[in-house]
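>>> Requesting a structural model of the entry that follows:
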Amino acid sequence: MMTLRAFVTGLAQETNVFAPLPTGLRSFSGRFSVPGRSDDTAPPFPESLLLGGRRRAAEGVVELVEGPTAGAHPGGLVTRVAYEALREAILSALSAALPVDMVAVHLHGAMMADGYDDCEGDLLARIRALVGADCAIGAMIDPHAHVSPAMVRAADILIAYKEYPHTDFRERAEEVWDLLLATRAGHIRPVAALWDSGTIGIFHTSRPEVRALVAEMQAMERSGQAISVSLIHSFPWGDGADFGTRALVITDNNRPAADRLAQALATRARTIAMDTPNGGVSLERALALRAADTGTGPYVLADSADNPGGGAAGDSTFVLASLLARGVGRTCIGPLWDPQAVAIAMEAGLGARLALRIGGKTGPLSGAPVDMVVTVVGLDPAATQDFAGEAFPLGAAVALHGHGIDIVLVSERDQARGPDLFTGLGVTLHDKDLIVVKSSQHFHAGFAPLARQVLYLDGPGSLQTDLAAYPYRKIIRPRWPLDAMGREPWMVGGRG
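Numbers count the residues shown, from 1 in each chain. Now for the predicted structure:
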């Protein structure tokens, strides 16, 4: 039996077109070499697709060619130079590896660059042009993607994580490989349908109605009605013609069934989105709720507007300053991105007491810097936090204590993912009334079990929940909640 030749690669970034920080070559890490930038580290995304390929290579199922991988944390628009250089590195390596039977690509799905509203569609179309029609192409994407007809046409298999927080990337990577192998062997003939819901929704899978929707999607797959079912939430802080919540269904050579199932899923998603209250609670309301609650255990407050996982800087001080002004103690907050303050605290050393200027360094949406006298209570030159069994780096990190508040500062931008963000630096959580996390939802799996209640804050920042405040220019309107009613679900495109 002939061993199939497979090429695996990755290029991922989630673009917030309203964020203040552009994403250039220096923002990317991974294993790649391009003019002006080289790296040989793990990219800032789970490498489950690569690991799945390596396992199949060890079993003798495939001969694996490992192409370049590059990723950047969520941020502003990717520069044209960065995207084109990284794209050409992938295409050059693929061209050198030809002929191949399969290509597996780790993407985000919401990367936008100067001159490219659909980076993933552009990359996949160029891959298809190189490898030809007989090669099986599969990609794993984030549900916060802007899935385009170009992406669907170019890829045989396109699978999004089902969970939010995204704890199922290993399972989805296994599906990509299994379906690629089945496609290349001729056991299945994937066809796809992509439908738009006319909405932009937030689909936390910790909510019962979304949990039920995911169960329905999985039931479609188990029953054989579909090969793969993905709900594409979209990324609310992007922009473009492919912006919006969409349903993607892949069947085995049955396009009418794909259309029917995708339309039904888009309709269900539309109902859930429009029944979901838009926005969170004010900090004042959250504090009042905690003060009135006589039970034990911390309230976990998500500072979603400053979530680095959505492209925010992660250094806003609005919540910290308000807590200090109100004299609120028994609180911890993190991670705040402040490499300069981290360096000063690391130099001062454990136990040092010093006056420090914290946060508020990136721009108006970060607030004003906060001046505090603090004690250094934790240090780690290479801190990490756990998420779904993988360690995510925070760079050098420090824990500071002042005015009854523990503050974790980091030198590498990332959102709050796991409690070891705090406990790894010696900050205890059981004795807190409030835990403030810079995150929108990925914190939930780790922090919800500790919480008496989880609340999502509504406040200033780069990721405000009032989407009507943003100057969208390219999206298809009408679309809820920007408009009173969005369009009824419609077919966007498909494959096969």
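
>>> For the stretch 51-200 of the chain, which segments count as helices?
Remark: helices assigned in the stretch 51-200 of the chain by DSSP state H, counting those that start in this stretch are 80-97, 119-131, 149-154, 169-184.

>>> Of the ones you listed, which is nearest residue 113?
Between residue 113 and the helices of the stretch 51-200 of the chain, the shortest gap by C-beta to C-beta is with helix 80-97, which sits at 3.8 Å. The C-beta positions use only the backbone N, C-alpha and C, and glycine is treated the same way.

>>> quick one, the closest one and helix 119-131 angle?
Between helix 80-97 and helix 119-131, the angle comes out at 30 degrees (axes from the mean of the first three to the mean of the last three C-alpha atoms, to 10 degrees).

>>> what residues does helix 80-97 touch?
Contact with helix 80-97 is made by 5, 7, 9, 11, 23-25, 27-28, 32-37, 65, 67-68, 70, 100, 103, 111, 113-116, 119, 122-123, 126-127, 130-131, as judged by C-beta atoms under 8 Å, 6 or more residues apart in numbering.

>>> What's the biggest helix in the chain, counting residues?
Assignment by DSSP state H gives helix 255-274 as the longest helix of the chain.

>>> And whatever helix or strand comes next after that helix, what does it pack against?
Downstream of helix 255-274, the first helix or strand assigned by DSSP states H and E is helix 283-292. Counting by 3 or more C-beta pairs under 8 Å, 6 or more residues apart in numbering; DSSP states H and E, the packing neighbours recorded for helix 283-292 are strand 299-302, helix 318-326, strand 453-456.

>>> Comparing these, which comes out most buried?
Mean neighbour count (mean count of other C-beta atoms under 10 Å) peaks for strand 299-302 among the helices and strands packed on helix 283-292, with a mean of 24.

>>> how about the helices in the stretch 351-496 of the chain?
Listed from the start of the chain, the stretch 351-496 of the chain has helices (DSSP H, counting those that start in this stretch) covering 420-423, 444-447.

>>> ok so, going back, how about the helices of the stretch 51-200 of the chain in a markdown table, adding mean pLDDT?
Formatted as a markdown table, the helices of the stretch 51-200 of the chain follow (pLDDT from 0 to 100):
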| stretch | mean pLDDT |
| --- | --- |
| helix 80-97 | 98 |
| helix 119-131 | 98 |
| helix 149-154 | 98 |
| helix 169-184 | 97 |
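
>>> Let me have these in CSV, adding distance to residue 312 and mean neighbour count as columns.
Converted to CSV, the helices of the stretch 51-200 of the chain look like this (distance: least, C-beta to C-beta, whole Å; neighbours: other C-beta atoms under 10 Å):
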stretch, distance to residue 312, mean neighbour count
helix 80-97, 20, 18
helix 119-131, 21, 21
helix 149-154, 26, 21
helix 169-184, 22, 20
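
>>> what would those helices look like in CSV with distance to residue 232?
Output for the helices of the stretch 51-200 of the chain, formatted as CSV (distance: least, C-beta to C-beta, whole Å):
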stretch, distance to residue 232
helix 80-97, 21
helix 119-131, 12
helix 149-154, 10
helix 169-184, 13
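
>>> quick revisit: how about JSON lines for the helices and strands packed on helix 283-292, with distance to residue 53 and mean pLDDT added?
Formatted as JSON lines, the helices and strands packed on helix 283-292 follow (distance: least, C-beta to C-beta, whole Å; pLDDT from 0 to 100):
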{"stretch": "strand 299-302", "distance to residue 53": "35", "mean pLDDT": "97"}
{"stretch": "helix 318-326", "distance to residue 53": "42", "mean pLDDT": "97"}
{"stretch": "strand 453-456", "distance to residue 53": "37", "mean pLDDT": "95"}
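
>>> contacting residues for residue 360?
315-317, 366-370.

>>> Which of those ranks first by neighbour count?
Highest neighbour count within these: residue 316, with 29 neighbours (other C-beta atoms under 10 Å).

>>> And it, which helix or strand is it part of?
Residue 316 belongs to no helix or strand when elements are defined using DSSP H and E.

>>> Looks like it contacts residue 305 (just checking).
Yes: the criterion here is C-beta atoms under 8 Å, and residue 316 meets it with residue 305 at 7.3 Å.

>>> Pull up the overlap in contacts between the two.
460-461.

>>> Have a look at this protein and report its longest strand.
strand 370-387 (DSSP state E).

>>> re the thing from before, would you format the helices and strands packed on helix 283-292 as TSV with distance to residue 248 included?
As requested, those are exported to TSV (distance: least, C-beta to C-beta, whole Å):
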stretch	distance to residue 248
strand 299-302	28
helix 318-326	37
strand 453-456	27
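
>>> Out of these, which is closest to residue 485?
Proximity to residue 485 (C-beta to C-beta) singles out strand 453-456 among these, at 24.9 Å.
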